[in-house]
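**Q** heads up, no residue letters with this:
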(Lines give C-alpha, C1' and ligand atoms only; values in the text may rest on other atoms or scores of the structure.)
Protein backbone atom coordinates (compact mmCIF):
# COMPACT_ATOMS: atom_id res chain seq x y z
CA UNK A 1 0.00 0.00 0.00
CA UNK A 2 1.04 3.61 -0.44
CA UNK A 3 -0.28 7.13 -0.01
CA UNK A 4 0.37 9.91 -2.52
CA UNK A 5 0.30 13.59 -1.57
CA UNK A 6 0.38 16.05 -4.48
CA UNK A 7 1.21 19.65 -3.58
CA UNK A 8 -1.21 22.02 -5.32
CA UNK A 9 0.35 25.23 -4.03
CA UNK A 10 -0.34 27.46 -1.01
CA UNK A 11 -1.84 24.95 1.47
CA UNK A 12 -3.54 22.79 -1.14
CA UNK A 13 -3.04 19.03 -1.34
CA UNK A 14 -4.62 16.13 -3.16
CA UNK A 15 -4.08 13.03 -1.05
CA UNK A 16 -4.71 9.60 -2.54
CA UNK A 17 -4.53 6.58 -0.26
CA UNK A 18 -5.39 2.94 -0.85
CA UNK A 19 -9.11 3.54 -0.29
CA UNK A 20 -9.76 7.31 -0.32
CA UNK A 21 -9.08 10.45 -2.32
CA UNK A 22 -8.95 13.63 -0.20
CA UNK A 23 -8.76 17.20 -1.45
CA UNK A 24 -7.60 19.92 0.95
CA UNK A 25 -7.78 23.69 0.40
CA UNK A 26 -7.86 23.55 -3.43
CA UNK A 27 -6.66 27.00 -4.51
CA UNK A 28 -6.08 26.64 -8.27
CA UNK A 29 -7.87 29.07 -10.60
CA UNK A 30 -6.25 32.19 -9.12
CA UNK A 31 -2.99 30.41 -8.34
CA UNK A 32 -0.30 31.74 -10.73
CA UNK A 33 1.82 28.61 -10.18
CA UNK A 34 -0.97 26.03 -10.38
CA UNK A 35 -0.01 22.79 -12.10
CA UNK A 36 -3.56 21.39 -12.09
CA UNK A 37 -6.90 22.59 -13.43
CA UNK A 38 -9.84 22.27 -11.01
CA UNK A 39 -11.94 20.82 -13.84
CA UNK A 40 -9.42 18.01 -14.35
CA UNK A 41 -9.23 16.78 -10.77
CA UNK A 42 -10.73 13.36 -10.12
CA UNK A 43 -13.79 13.25 -7.87
CA UNK A 44 -12.62 13.21 -4.25
CA UNK A 45 -14.29 11.21 -1.50
CA UNK A 46 -14.18 14.36 0.60
CA UNK A 47 -13.08 17.99 0.31
CA UNK A 48 -11.59 19.51 3.47
CA UNK A 49 -11.55 23.31 3.70
CA UNK A 50 -9.66 24.75 6.66
CA UNK A 51 -11.08 28.28 6.55
CA UNK A 52 -12.54 31.04 4.40
CA UNK A 53 -9.35 32.81 3.21
CA UNK A 54 -9.25 33.05 -0.60
CA UNK A 55 -6.04 31.04 -0.92
CA UNK A 56 -7.55 28.14 1.06
CA UNK A 57 -11.24 28.28 0.07
CA UNK A 58 -10.14 28.62 -3.55
CA UNK A 59 -12.11 26.42 -5.96
CA UNK A 60 -13.93 24.46 -3.27
CA UNK A 61 -17.41 25.47 -4.43
CA UNK A 62 -16.78 24.81 -8.13
CA UNK A 63 -15.25 21.39 -7.45
CA UNK A 64 -18.01 20.44 -5.02
CA UNK A 65 -20.71 21.40 -7.53
CA UNK A 66 -19.01 19.58 -10.42
CA UNK A 67 -18.24 16.37 -8.55
CA UNK A 68 -20.93 16.20 -5.86
CA UNK A 69 -18.19 15.46 -3.31
CA UNK A 70 -19.03 16.12 0.35
CA UNK A 71 -17.26 18.99 2.09
CA UNK A 72 -16.11 19.19 5.71
CA UNK A 73 -15.46 22.73 6.90
CA UNK A 74 -16.31 25.44 9.44
CA UNK A 75 -19.53 27.48 9.60
CA UNK A 76 -18.20 30.41 7.55
CA UNK A 77 -17.09 28.18 4.68
CA UNK A 78 -20.40 26.31 4.79
CA UNK A 79 -22.30 29.58 4.36
CA UNK A 80 -20.07 30.61 1.45
CA UNK A 81 -20.42 27.25 -0.30
CA UNK A 82 -24.20 27.29 -0.06
CA UNK A 83 -24.21 30.91 -1.24
CA UNK A 84 -22.33 29.71 -4.36
CA UNK A 85 -24.87 27.00 -5.05
CA UNK A 86 -23.52 23.91 -3.28
CA UNK A 87 -26.37 21.83 -1.88
CA UNK A 88 -26.69 22.27 1.91
CA UNK A 89 -26.88 18.50 2.46
CA UNK A 90 -23.48 18.20 0.75
CA UNK A 91 -21.70 20.32 3.37
CA UNK A 92 -20.84 19.19 6.90
CA UNK A 93 -19.88 22.01 9.23
CA UNK A 94 -17.85 20.98 12.25
CA UNK A 95 -15.28 22.38 14.64
CA UNK A 96 -12.40 21.30 16.87
CA UNK A 97 -13.00 17.95 18.49
CA UNK A 98 -16.17 16.96 16.62
CA UNK A 99 -14.94 14.01 14.57
CA UNK A 100 -16.71 13.26 11.27
CA UNK A 101 -16.84 10.02 9.26
CA UNK A 102 -17.34 10.43 5.51
CA UNK A 103 -17.43 7.41 3.20
CA UNK A 104 -15.56 5.39 5.81
CA UNK A 105 -12.83 8.02 6.27
CA UNK A 106 -12.45 9.46 9.77
CA UNK A 107 -11.77 13.20 9.70
CA UNK A 108 -10.53 14.65 12.98
CA UNK A 109 -10.78 18.46 13.26
CA UNK A 110 -8.30 19.90 15.74
CA UNK A 111 -7.48 23.28 17.20
CA UNK A 112 -6.26 25.98 14.81
CA UNK A 113 -5.13 29.42 16.00
CA UNK A 114 -6.20 31.63 13.13
CA UNK A 115 -9.41 33.23 11.82
CA UNK A 116 -12.06 32.32 9.25
CA UNK A 117 -13.92 35.23 7.71
CA UNK A 118 -15.51 35.63 4.29
CA UNK A 119 -18.15 37.54 2.36
CA UNK A 120 -21.38 36.34 0.81
CA UNK A 121 -22.74 37.55 -2.53
CA UNK A 122 -25.06 40.05 -0.81
CA UNK A 123 -22.14 41.64 1.04
CA UNK A 124 -22.78 40.04 4.43
CA UNK A 125 -19.70 38.98 6.39
CA UNK A 126 -19.59 35.44 7.78
CA UNK A 127 -17.26 34.22 10.51
CA UNK A 128 -16.37 30.75 11.72
CA UNK A 129 -13.68 28.71 13.50
CA UNK A 130 -10.68 27.70 11.33
CA UNK A 131 -9.81 24.02 11.42
CA UNK A 132 -6.67 21.90 11.27
CA UNK A 133 -7.26 18.29 10.21
CA UNK A 134 -5.90 14.84 10.99
CA UNK A 135 -6.75 11.93 8.66
CA UNK A 136 -5.44 8.37 8.48
CA UNK A 137 -5.13 7.15 4.90
CA UNK A 138 -3.87 3.68 5.80
CA UNK A 139 -2.57 1.96 8.93
CA UNK A 140 0.46 3.90 10.17
CA UNK A 141 -0.05 6.91 7.86
CA UNK A 142 -1.71 9.72 9.79
CA UNK A 143 -1.56 13.14 8.16
CA UNK A 144 -1.86 16.46 9.98
CA UNK A 145 -2.79 19.54 7.93
CA UNK A 146 -2.08 22.71 9.89
CA UNK A 147 -5.04 24.73 8.58
CA UNK A 148 -3.04 28.00 8.71
CA UNK A 149 -2.51 27.89 12.46
CA UNK A 150 0.00 29.99 14.36
CA UNK A 151 2.16 28.19 16.88
CA UNK A 152 0.82 26.98 20.21
CA UNK A 153 1.45 23.91 22.35
CA UNK A 154 0.61 21.02 19.99
CA UNK A 155 2.25 18.33 22.11
CA UNK A 156 -1.08 16.76 23.08
CA UNK A 157 -1.84 16.16 19.40
CA UNK A 158 1.42 14.28 19.14
CA UNK A 159 0.65 12.25 22.25
CA UNK A 160 -3.01 11.49 21.56
CA UNK A 161 -3.25 11.19 17.78
CA UNK A 162 0.34 10.39 16.77
CA UNK A 163 0.41 11.99 13.32
CA UNK A 164 3.23 10.63 11.19
CA UNK A 165 3.25 13.31 8.47
CA UNK A 166 2.72 17.01 9.07
CA UNK A 167 1.88 19.59 6.38
CA UNK A 168 3.21 22.68 8.12
CA UNK A 169 3.03 26.27 6.96
CA UNK A 170 6.43 27.90 7.41
CA UNK A 171 6.20 30.99 5.20
CA UNK A 172 3.67 33.03 3.20
CA UNK A 173 2.83 33.00 -0.55
CA UNK A 174 4.52 36.30 -1.41
CA UNK A 175 2.99 36.38 -4.89
CA UNK A 176 -0.47 36.82 -3.34
CA UNK A 177 0.20 39.52 -0.77
CA UNK A 178 -0.96 42.37 -3.00
CA UNK A 179 -4.46 40.88 -2.76
CA UNK A 180 -4.59 41.65 0.97
CA UNK A 181 -5.36 45.36 1.56
CA UNK A 182 -3.90 47.48 4.33
CA UNK A 183 -0.83 49.48 5.31
CA UNK A 184 2.63 48.05 5.88
CA UNK A 185 3.61 44.55 4.80
CA UNK A 186 3.53 41.01 6.08
CA UNK A 187 6.96 39.74 7.13
CA UNK A 188 5.98 36.16 8.01
CA UNK A 189 3.19 33.68 7.54
CA UNK A 190 1.18 32.32 10.46
CA UNK A 191 4.26 30.32 11.45
CA UNK A 192 7.80 31.14 10.49
CA UNK A 193 10.41 28.47 9.82
CA UNK A 194 11.57 28.19 13.43
CA UNK A 195 8.04 27.90 14.79
CA UNK A 196 7.06 25.29 12.20
CA UNK A 197 10.18 23.23 12.94
CA UNK A 198 9.29 23.31 16.65
CA UNK A 199 5.74 22.26 15.78
CA UNK A 200 7.14 19.19 14.00
CA UNK A 201 8.82 18.20 17.27
CA UNK A 202 5.70 18.81 19.36
CA UNK A 203 3.67 16.67 16.95
CA UNK A 204 6.32 13.91 17.05
CA UNK A 205 6.27 13.65 13.28
CA UNK A 206 8.19 11.12 11.23
CA UNK A 207 8.07 13.45 8.23
CA UNK A 208 7.73 17.24 8.24
CA UNK A 209 6.49 18.76 4.97
CA UNK A 210 6.85 22.46 4.19
CA UNK A 211 3.63 24.18 3.15
CA UNK A 212 2.01 27.57 2.38
CA UNK A 213 4.03 28.86 -0.56
CA UNK A 214 3.96 28.95 -4.33
CA UNK A 215 7.71 29.13 -4.85
CA UNK A 216 10.34 27.94 -2.42
CA UNK A 217 11.90 30.89 -0.56
CA UNK A 218 14.58 31.45 2.08
CA UNK A 219 12.14 30.68 4.90
CA UNK A 220 11.32 27.29 3.40
CA UNK A 221 15.04 26.56 3.16
CA UNK A 222 15.44 27.60 6.81
CA UNK A 223 12.62 25.22 7.81
CA UNK A 224 14.45 22.36 6.10
CA UNK A 225 17.60 23.27 8.05
CA UNK A 226 15.86 23.70 11.42
CA UNK A 227 13.71 20.56 11.55
CA UNK A 228 16.73 18.35 12.41
CA UNK A 229 17.84 20.86 15.07
CA UNK A 230 14.70 20.27 17.14
CA UNK A 231 14.38 16.55 16.40
CA UNK A 232 14.92 14.59 19.61
CA UNK A 233 14.39 11.27 17.80
CA UNK A 234 17.24 11.65 15.36
CA UNK A 235 15.09 10.08 12.63
CA UNK A 236 12.68 12.82 11.51
CA UNK A 237 12.79 13.64 7.82
CA UNK A 238 11.86 16.88 6.14
CA UNK A 239 10.85 17.72 2.56
CA UNK A 240 9.85 20.88 0.71
CA UNK A 241 8.02 19.93 -2.51
CA UNK A 242 7.61 22.20 -5.49
CA UNK A 243 4.08 22.88 -6.69
CA UNK A 244 2.91 19.88 -8.69
CA UNK A 245 5.30 17.42 -7.10
CA UNK A 246 3.97 14.30 -5.40
CA UNK A 247 5.21 12.83 -2.15
CA UNK A 248 4.87 9.05 -2.21
CA UNK A 249 4.68 7.35 1.20
CA UNK A 250 5.31 3.62 1.12
CA UNK A 251 5.88 2.23 4.59
CA UNK A 252 8.91 4.05 5.96
CA UNK A 253 10.00 5.22 2.50
CA UNK A 254 9.30 8.76 1.30
CA UNK A 255 9.99 9.73 -2.28
CA UNK A 256 9.28 12.87 -4.31
CA UNK A 257 7.93 12.48 -7.84
CA UNK A 258 8.30 15.42 -10.20
CA UNK A 259 5.24 17.13 -11.64
CA UNK A 260 3.92 15.63 -14.86
CA UNK A 261 4.67 17.97 -17.76
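**A** Happy to help now that I have it. Since the structure is predicted, the reported quantities are computational estimates derived from the model, not experimental observations.
**Q** Relative to residue 144, how far out is the nearest residue to residue 212 once chain neighbours are set aside?
**A** Spatial nearest neighbour of residue 212, excluding adjacent residues (C-beta to C-beta, 6 or more residues apart in numbering): residue 169 at 3.4 Å. Every residue, glycine included, has its C-beta placed from N, CA and C. From residue 169 across to residue 144, the span is 12 Å (C-beta to C-beta, to the nearest Å).
**Q** Please, where are all the helices along the stretch 151-261 of the chain?
**A** Taking DSSP state H, counting those that start in this stretch as the criterion, the stretch 151-261 of the chain contains helices spanning 155-161, 193-203, 218-230.
**Q** Mind giving me the packing neighbours of the second one?
**A** Using 3 or more C-beta pairs under 8 Å, 6 or more residues apart in numbering; DSSP states H and E as the contact criterion, the secondary-structure elements in contact with helix 193-203 are helix 155-161, strand 165-169, strand 207-211, helix 218-230.
**Q** repeat that with 6 Å
**A** helix 155-161, strand 165-169, helix 218-230 (3 or more C-beta pairs under 6 Å, 6 or more residues apart in numbering; DSSP states H and E).
**Q** Dump those to a markdown table, plus mean pLDDT.
**A** A markdown table is the format used below for the helices and strands packed on helix 193-203 (pLDDT from 0 to 100):
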| stretch | mean pLDDT |
| --- | --- |
| helix 155-161 | 98 |
| strand 165-169 | 98 |
| helix 218-230 | 98 |
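**Q** Tell me which of those is the most buried.
**A** Of the helices and strands packed on helix 193-203, the one with the most neighbours on average (mean count of other C-beta atoms under 10 Å) is strand 165-169, at a mean of 28.
**Q** Could you tell me the angle between that strand and helix 193-203?
**A** 150 degrees (axes from the mean of the first three to the mean of the last three C-alpha atoms, to 10 degrees).
**Q** Show me what strand 165-169 is in contact with.
**A** 143-146, 189-191, 196, 199-200, 203, 205, 207-209, 211-212 (C-beta atoms under 6 Å, 6 or more residues apart in numbering).
**Q** where in the protein is pLDDT low?
**A** 260-261 (pLDDT under 70).
**Q** Now render the helices of the stretch 151-261 of the chain as a markdown table, adding distance to residue 30.
**A** Shown next, in a markdown table, are these (distance: least, C-beta to C-beta, whole Å):
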| stretch | distance to residue 30 |
| --- | --- |
| helix 155-161 | 31 |
| helix 193-203 | 25 |
| helix 218-230 | 21 |
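**Q** got the phi/psi numbers for the closest residue to residue 68 other than its chain neighbours?
**A** Spatially, and ignoring its direct neighbours in sequence, residue 68 is nearest to residue 90 (6.9 Å; C-beta to C-beta, 6+ apart). Phi and psi for residue 90, reported as degrees, to the nearest 10, are phi -90, psi -10.
**Q** now that we're looking at residue 90, how far away is residue 49 from it?
**A** 12 Å.
**Q** who touches residue 101 in this structure?
**A** Residue 101 is in contact with no residue at all, counting by C-beta under 6 Å, 6+ apart.
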